[in-house]
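**Q** Test case, fold it:
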Amino acid sequence: MTAKLSIGIVSVSETAGGAEAHTLALGQGLAERGHTVVLHGRCPGWESTALPWTVPSLGPKWSRRTLLQGILRVPLEQRAVQALPPSSTYYMQFKREQIALTRTLAQRAPVVWTEHGRWTGALGGRALFAAYARAARHVSRIVCVSGEVAQDLHDVVDPERLVIIPNAIDTDRCTPCPPDQKRHFQQRLLPAHLQDRPVAVLASRLHPAKRHERAIKAAIAGGIALVVVGDGPDRTRLEDIAGGRGDIVFMGWRDDTVDFLRASDLYLYCGADTDGTSLAVLEAASCGLPVVGFDGDPGSDLVSRCGGLLLTDTDELTPDRVDELLSTPGGGRDYVTRMHGIDTWLDSYERIFLDVAA
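**A** Numbers count the residues shown, from 1 in each chain. Okay, here's the model as predicted:
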């Protein structure tokens, strides 16, 4: 019989994205297996899981804007996590929690990290990377979502502590949609003037590093509508680029992203330099959508493995290429089901938590 654990997720984020979706899936999946999972912090969508959470005195996620103030808050935040309830293990995924809080929490229980993306050193440069390496001495395991992510850390982290677990999705939830059901989702989610024309969808945290203006320009070049699901610091700029066009619609953050995939005809993906394995691409491919990405982006290899199209320029998505994509069902579902199923993913995480807790 598998031992039951108490897992404390220490994570603060205000904007939904891939890392937050990863947190929700991990928390729910482990709780369904009988483990106790508590969030200490904030994560968009957590309140809908019915899982418990606490709100320790932790400031915002580190960014260029918040980094200096965040460093000054470190002693206060270290005292705050000393008061957290005991856990079998603590879990973290963002740089502030990893760098500032790992040593403190590791004195109470093993700590596990996940690295979602490539390390570029852009936030704080070498000094932050050196602090990351020092904090990593106190971590029991670092889960990397790809071999490339793990390779970035090989020189500063004990390789024995690195584990590669590719991102995963619930393929039973992300399924191709029959025409009558698709029509239902279109009528429920899309503006009336978009319901009878090809629609592309983009679901992401809107950040300048992802250069989402490429998706807007590609949609315009292809003569298709674009529905943008997500929010973030780049939304205002992207809305300005869209220029009030009626066929470029910003929906903001939603907790029903998969339903938007079911209402759409293809997926447009833009990757940032730090991106790992895109959950959105996996979900879109599993739903049977053709995926269009940009050659050279991190994650473009995943688009190819899902049978998608890679562009070198936005003008390459012509109306004829759109017609060709829509006439051929997306071929990525078999690959995603085989390589990125959620049960195998949860098995891997569960083994890590059990191993370090033992």
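**Q** Tyr267 and Leu67, how far apart?
**A** 33 Å (C-beta to C-beta, to the nearest Å). To be clear about C-beta, it is placed using only N, CA and C from the backbone, and glycine gets the same treatment.
**Q** more neighbours, these two?
**A** Per other C-beta atoms under 10 Å, whichever of Tyr267 and Leu67 has more neighbours is Tyr267, with 29 against 15.
**Q** what does the domain assignment say about the chain?
**A** If you go by automatic domain parsing, the domain ranges for the chain are 6-168+341-357, 179-339.
**Q** and those domains as a markdown table, adding mean pLDDT?
**A** Shown next, in a markdown table, are the domains of the chain (pLDDT from 0 to 100):
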| stretch | mean pLDDT |
| --- | --- |
| domain 6-168+341-357 | 91 |
| domain 179-339 | 93 |
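**Q** which stretches of this protein form strands?
**A** 6-12, 36-42, 53-54, 89-92, 111-115, 141-144, 162-164, 199-203, 225-229, 248-252, 266-268, 291-294, 309-311 (DSSP state E).
**Q** Gly332: which of the ones you listed is closest?
**A** strand 291-294 (6.6 Å; C-beta to C-beta).
**Q** So which elements touch that closest one?
**A** strand 266-268, helix 279-286, helix 300-305, strand 309-311 (3 or more C-beta pairs under 8 Å, 6 or more residues apart in numbering; DSSP states H and E).
**Q** what's in contact with the third one?
**A** In this structure, residues lying in contact with helix 300-305 by C-beta atoms under 8 Å, 6 or more residues apart in numbering are 269, 271, 277-278, 281-282, 291-294, 309-310, 332, 335, 339.
**Q** how about those residues, which pair is most distant?
**A** Most distant of the contacts of helix 300-305, by C-beta to C-beta, are Phe294 and Met339, 22.1 Å apart.
**Q** neighbour-wise, which of these two wins?
**A** Using other C-beta under 10 Å, the more surrounded residue of Phe294 and Met339 is Phe294, with 23 against 14.
**Q** Would you check that the more buried one makes contact with Ala272?
**A** No: with contacts counted by C-beta atoms under 8 Å, Phe294 stays clear of Ala272, the gap being 11.3 Å.
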